[in-house]
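[1] Return atomic coordinates for the entry below.
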Amino acid sequence: MSSMPVQTVFLTGASGFVGTHVAEELLRRGCEVRCLLRPTARAEHLDRPGIVRVEGTLEAPDSYRHALDGCDTVLHAGGLVAARSKHELLRTNGEATGWLADACAALPTPPRFVYVSSLAAAGPPPLERAYRDEIDVPAPVSDYGASKRAGEIALEQRAERLPITIVRPGIVYGDRDPKMAAIFKAIQRTGLHVVVGFHTPRLSLIHIDDLVDLLLRAARNGETLVPAGSRDAGHRGFYFACDDREHPTYGQFGRRVAAALGRRVVVWPLWRWVGRTVGGVSEELSRLTGSVAMLSRDKVREATAWSWACSAAKARAQLAFVPARPLDFRLRQTAEWYRDHGWL
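    Modelled structure (predicted):
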């Protein structure tokens, strides 16, 4: 694998949690960053030297095609975590990922393409294995996971035309993450950590700073996909992203968050049928209001999988990836940021 310079980057998802941190680190390294932004995106943090705003959407390649010219790297961190339907998830996370790759492949010099997928695209580890790794056959258990896997498949189908690397993060946490802030806030205010089921899955976690580091390592030196049908197809060009020194269960994670907050906590398990019922009611309310349900039966399926433990051994061996700080330090750091910025 040859080292690739990263100088001019086309970034999707720049208004989101992961994309915001990627953009800042690229600027710190002196890169020009061209950010794809929806017309309605709130992205005042991107009004700064070195950022080029590109108004458009993943679903409309003509809106951004011109901005790809001259880019040496595309970091695709955009997409949907939840939607009103599985079709909407598949269109944005699956089909639109392929359209972005097509636009890149059509350039005279195609850029290096790094896709921020998800552990959900691979699914839980096989029952006979403690950890999932890149060799295991993907088996997503949720619509979200299936949509991210559809994006991966779209890229595998274009591997002959474009150098592509896929990174599959576990649960990403850190500064400016509103979803994780909700967990911290609930524990801070109520002293309760609600879980679905009496045996919660082991988790793979990665701090946002460590994920950004790994993404840029992958952009420079990462293995790339090989065409479908090749001997190494399905695992070459893929990396899991997590701190695999430990895999706490979701129940244990709540206790670790509480410790970072300096609070005592009670882990309160719900029967699985209760979780599914609450998810179904949330979906129905979102249908009636036209909103997107962040708590749904799909998310309950993910929450009740037997395990989400994966291994980062490949990233460690090939990319010299090592998380900078342990989990408890990072949780305290995250809690401090939430406090300092009035999020708790």
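
[2] list the contacts for Leu89?
    Residues in contact with Leu89 (CB atoms under 8 Å, 6 or more residues apart in numbering) are Leu80, Ala82, Ala83, Asp143, Tyr144, Ala146, Ser147. The way it works is simple: take the backbone N, C-alpha and C, and place the C-beta from them, glycine included.

[3] Which single one of those is nearest to Ala309?
    Nearest to Ala309, judged by CB to CB, of the contacts of Leu89 is Tyr144 at 18.8 Å.

[4] The helix or strand containing the closest one - contacts with which helices or strands?
    Tyr144 belongs to helix 143-156 when assigned by DSSP states H and E. Where contact means 3 or more CB pairs under 8 Å, 6 or more residues apart in numbering; DSSP states H and E, helix 143-156 is packed against helix 86-89, helix 96-105, strand 112-116, helix 119-122, strand 164-169, helix 297-303.

[5] hey, where'd the strands end up in the stretch 201-344 of the chain?
    Remark: strands assigned in the stretch 201-344 of the chain by DSSP state E, counting those that start in this stretch are 205-207, 238-241, 266-270.

[6] to the chain's geometric centre, what's the distance from stretch 162-175?
    In terms of CA atoms, centre = their mean, to the nearest Å, the centre of stretch 162-175 is found 5 Å from the chain centre.

[7] pLDDT averaged over that stretch, what's the number?
    For stretch 162-175, the mean pLDDT works out to 97.

[8] measure it end to end?
    End-to-end distance of stretch 162-175 (CA to CA, to the nearest Å): 33 Å.

[9] which sections of this structure are below the confidence cut-off?
    The model of the chain has pLDDT under 70 over residues 1-6, 273-275, 279, 283-284, 286, 288-295.

[10] Put the alpha carbons of the one helix or strand Val22 maps to into PDB.
    Using DSSP H and E, Val22 sits in helix 17-28. In PDB, the C-alpha atoms belonging to helix 17-28 read as follows (Å, rounded to 0.1, in the frame of the first residue of the first chain):
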ATOM      1  CA  PHE A  17     -21.500  15.000  14.300                       C
ATOM      2  CA  VAL A  18     -18.800  12.900  12.500                       C
ATOM      3  CA  GLY A  19     -18.400  15.300   9.500                       C
ATOM      4  CA  THR A  20     -17.900  18.300  11.700                       C
ATOM      5  CA  HIS A  21     -14.900  16.800  13.400                       C
ATOM      6  CA  VAL A  22     -13.500  15.500  10.100                       C
ATOM      7  CA  ALA A  23     -13.700  19.000   8.600                       C
ATOM      8  CA  GLU A  24     -12.000  20.600  11.500                       C
ATOM      9  CA  GLU A  25      -9.100  18.100  11.400                       C
ATOM     10  CA  LEU A  26      -8.700  18.400   7.700                       C
ATOM     11  CA  LEU A  27      -8.500  22.200   8.100                       C
ATOM     12  CA  ARG A  28      -5.900  21.800  10.900                       C
END
